[in-house]
Every structure is written in C-alpha cells, then in structure tokens.
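>>> here are the coordinates; sequence isn't available:
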C-alpha cells in the first residue's frame, strides 16, 4: 500500500456541516429501512438515475460521515492491505519504535519483506479495537472505584 492510498485530509468547516447533515439523513434512512439489503441512491439529483449500493457500504459511509462531522480526518484501508511500520504507527498514533516493540512482542502480526516489516491492516485494527476496549474497561473501573470512595 503506498502513501497516496493512506492519505487523509481534515475536513474544513463547510465539509463538517455537510457531513453532519448527510450522516443524520443516512442513519435515519438505514433505521427506517432496516430490512433493505441494497440501498437505491439518486445520482446527481436525478430520480431516474439511481445507483444500488450494498447496505454494508451505506453503514460504512455513515461511520465515515460521523468522523467527518466530528472534524476528524478519515482513511479507508482495505483489511488485507499491508502497511509499512511508519504507516501502522501513524494509524495507532504511536511512535515507530513503540510499534516495533508491539510487533516484536507478538501483539500485532507482521511479516518480513527482506529486512523490512509489513503489518496487515486487519491485525493492526484488531489490536487497536482490543486496546480501545481494554482502555474503556479500565476507565469504567476507575470511575466505579471513585464512586465507591466518594471521590467523584
């Protein structure tokens, strides 16, 4: 995967507003039409020119729009993609040496190409998901301890 495929752009204020409106409409549509597997979308405002989009793609679009509405940059990375260690470190928002430690400890799968490491995006995202869950559980536990001690 080259750096152009991983490029992101932070949305400007107008894009944030547009993404927020679009996200709300897409989420409402998906909720109101839960049984539909394929979503028909009018292209260019012409009701006779429609495009059939898989529901899973529309759900992904809703998540992308939610991040953009929050002012966050978004990248779409195929699960099978292989990232350089720098790209993987950037996605985790950690230093490259810290990522190398995670790789060497076996927490994230990788393979070697010559002397270089390549990290599978799905393995990296699984690690991130698990790490995020562990952090949420730790924060919940600390919150509960504070309540028990009357420190909240």
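Great, that's in hand. Not measured: the values here are computed from a predicted model.
>>> Could you chop this protein up by domain?
Following automatic domain parsing, one gets these domains for the chain: 13-69, 82-149.
>>> So which of these is nearest residue 76?
Nearest of the domains of the chain to residue 76, taken as Cβ to Cβ: domain 13-69 at 7.4 Å. The C-beta positions use only the backbone N, C-alpha and C, and glycine is treated the same way.
>>> Report the mean confidence score over that closest one.
What domain 13-69 shows for mean pLDDT is 91.
>>> same for the longest strand anywhere in the chain, what does it pack against?
In the chain, with assignment by DSSP state E, the single longest strand is strand 46-54. Secondary-structure packing of strand 46-54 (3 or more Cβ pairs under 8 Å, 6 or more residues apart in numbering; DSSP states H and E): strand 38-43.
>>> Direction included, what does the strand it packs on pair up with?
The strands that strand 38-43 pairs with in its sheet are strand 46-54 (antiparallel) (by DSSP bridges).
>>> next structured bit after the strand it pairs with?
Downstream of strand 46-54, the next assigned helix or strand under DSSP states H and E is helix 55-69.
>>> which secondary structure elements does the helix or strand just after that next one contact?
Using DSSP H and E, the helix or strand that follows helix 55-69 in sequence is strand 82-83. Where contact means 3+ Cβ pairs under 8 Å, 6+ apart, strand 82-83 is packed against strand 116-120, helix 121-149.
>>> Which positions in the longest strand of the chain come out as buried?
Of the residues in strand 46-54, none count as buried by neighbour count, 16 or more other Cβ atoms under 10 Å.
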